[in-house]
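**Q** Coordinates only, no sequence provided:
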Ligand code: HSE
């Protein structure tokens, strides 16, 4: 049997501990599959004394992850610390410079520094793998990079933040407002230390930017992702959408258009009966559409010890087997800088207006929509709160620009009693 492959693991939180467990519990299975043993040489974390439920005594300890990354007795540096810059970036750069393969779960770092890191890794002839960075346990990076390599990709979509999906589905099932479910999610430990990463759509936007780079052969462009979080989604909209056969999801969509690369991460209505519409709780779903394969749907846990460690281990196994693929599926220096096309793909929209309850008010709204070229498909009025009349409208397909123009027109009529709500309906 060839020499063992030796890991240095930086970061011993949930995922790091999960990885140690897999290496210890499945040692024979991993060796049989990789054709060599998988060993851990050394580990590093912020606190040495903490009980992580795994025996770390066989491994050397390093306080400094950069020192760990350069150790002579490691072949693969596994970065599980997180953070866009700081020790994660410094240690990954050190590992590549020292000729070590790298496996990371760090979406924020790669979404910002992925291009430079990929070029460095490819120049050094080492792997830089990141399956665990996108949708946890779902092997979507591998599916896209390898299984679908023969396709021109049409569209990549997904629900890639489990916390947001938990909040939205829990609001619906328990009939609770956003703030209350946000607190529940916090108590369950679902939220990142900075919750804006989750509910602001940033974490999911990082993931979408990474998938888009592979799908469309473009340089990772997180700044080009149009981001909108779920903070303003109300229980009213969730319930009205449900009554019309839709569910609200924080949905990422990336596609190449004639004007450039469109990337958006925003709340959308999706048909309740679609696979995305049926996604419950903290699960993730990635939908890949290629010209030859059609649509592929991958569903699974997007976070947590087992699923994320499983993704890390899959990358380690490939490296142990000797696969070193280009980081984003083609040499990094050949990735193109696509112009950033502000999302202009036409779609129907869900609109909710709170109107003054007076004669002629609805006609003014309909006129403002019509003047902007926005056509009404369905409309209904429900309930009355004091003097306000809530009105729901589903438009025919229209462009985001026409819709923005229409909303300005509606606001200018002076008949609204609250800010309008407009949510895109995505055919999925
Ligand atoms: N906070 C993320 C989620 C997991 O809720 O899906 C890590 O990206």
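**A** It's in. Quick caveat: nothing in here was measured; it's all calculated off a predicted structure.
**Q** Show me how far stretch 143-160 is from its chain's centre.
**A** Centroid separation between stretch 143-160 and its chain, computed with C-alpha atoms, centre = their mean, to the nearest Å, is 14 Å.
**Q** Between the two ends of that stretch, how far is it?
**A** 16 Å (C-alpha to C-alpha, to the nearest Å).
**Q** The residue nearest the centre of the chain: which element?
**A** Centroid check for the chain by C-alpha atoms, centre = their mean gives residue 204 as the closest residue, at 2.8 Å. Using DSSP states H and E, the secondary-structure element containing residue 204 is helix 202-216.
**Q** one step back: wait, doesn't the residue nearest to the centre of the chain sit right on residue 250?
**A** Yes: using C-beta atoms under 8 Å, residue 204 makes contact with residue 250 at a distance of 6.1 Å. The C-beta positions use only the backbone N, C-alpha and C, and glycine is treated the same way.
**Q** what sits in contact with each of these two?
**A** Counting by C-beta atoms under 8 Å, 6 or more residues apart in numbering, the common neighbours of residue 204 and residue 250 are 159, 161, 164, 265.
**Q** which ones are touching the residue lying closest to the second one once chain neighbours are set aside?
**A** Spelled out, that is residue 161. Excluding the flanking residues, the one nearest residue 161 by C-beta to C-beta, 6 or more residues apart in numbering is residue 204, at 4.0 Å. Residues near residue 204 by C-beta under 8 Å, 6+ apart: 158-161, 164, 250, 252, 265.
**Q** per-residue pLDDT, residue 204?
**A** For residue 204, the pLDDT comes out at 98.
**Q** Against the ligand, how distant is it?
**A** Taking C-beta to the nearest ligand atom, to the nearest Å as the measure, residue 204 falls 7 Å from the ligand.
**Q** Show me what from this structure comes close to the ligand.
**A** For the chain, the contact set with the ligand under C-beta under 6 Å from any ligand atom comprises 161-163, 192, 198, 203, 302-303.
**Q** Could you chop this protein up by domain?
**A** With domains defined by automatic domain parsing, the chain comprises 5-104, 140-302, 349-425.
**Q** Worst mean pLDDT among these?
**A** Across the domains of the chain, domain 349-425 gives the lowest mean pLDDT, at a mean of 93.
**Q** Now find how far off-centre it is within its chain.
**A** 31 Å.
**Q** Quote the end-to-end distance of it.
**A** 5 Å.
**Q** Check the burial of residue 358 by counting its neighbours.
**A** 11 (other C-beta atoms under 10 Å).
**Q** burial count for the nearest residue to it once chain neighbours are set aside?
**A** Excluding its sequence neighbours, the residue lying closest to residue 358 (C-beta to C-beta, 6+ apart) is residue 415, at 7.6 Å. Using other C-beta under 10 Å, residue 415 has 21 neighbouring residues.
**Q** quick one: residue 415 and residue 357 touch, right?
**A** No: the pair residue 415 and residue 357 fails to qualify as a contact (C-beta under 8 Å) at a distance of 9.8 Å.
**Q** Break down the chain into its helices, ranges please.
**A** 14-25, 27-34, 65-70, 86-97, 107-124, 140-142, 162-174, 178-187, 196-199, 202-216, 235-243, 305-321, 361-371, 400-412 (DSSP state H).
**Q** ok and the second one relative to helix 305-321, angle-wise?
**A** An angle of 50 degrees separates the directions of helix 27-34 and helix 305-321 when computed by axes from the mean of the first three to the mean of the last three C-alpha atoms, to 10 degrees.
**Q** ok, and for helix 27-34, which residues are buried?
**A** For helix 27-34, a neighbour-count test (16 or more other C-beta atoms under 10 Å) marks 30-31, 34 as buried.
**Q** Now for the residues of the chain next to the ligand: which two are most distant?
**A** 192 and 302 (12.6 Å; C-beta to C-beta).
**Q** who has more neighbours, the two?
**A** A side-by-side neighbour count of residue 192 and residue 302, using other C-beta under 10 Å, places residue 302 first with 27 against 16.
**Q** Including distance to residue 396, could the buried residues of helix 27-34 go into TSV?
**A** Formatted as TSV, the buried residues of helix 27-34 follow (distance: C-beta to C-beta, whole Å):
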residue	distance to residue 396
30	55
31	60
34	55
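**Q** Give me the neighbour count for residue 345.
**A** Residue 345, neighbours per other C-beta under 10 Å, totals 16.
**Q** Contacts only, for it.
**A** Here residue 345 is in contact with 255, 257, 262 (criterion: C-beta under 8 Å, 6+ apart).
**Q** again, 10 Å this time
**A** By C-beta atoms under 10 Å, 6 or more residues apart in numbering, the residues touching residue 345 are 155, 253, 255, 257, 262, 264, 397, 399-400, 424, 426.
**Q** Then residue 111?
**A** 84, 133, 202-203, 205-210, 213, 220-223, 225.
**Q** Just want to check the distance between it and the ligand.
**A** Applying C-beta to the nearest ligand atom to residue 111 and the ligand gives a distance of 11 Å.
**Q** Before we move on, what's the pLDDT of that residue?
**A** What the model reports as pLDDT for residue 111 is 98.
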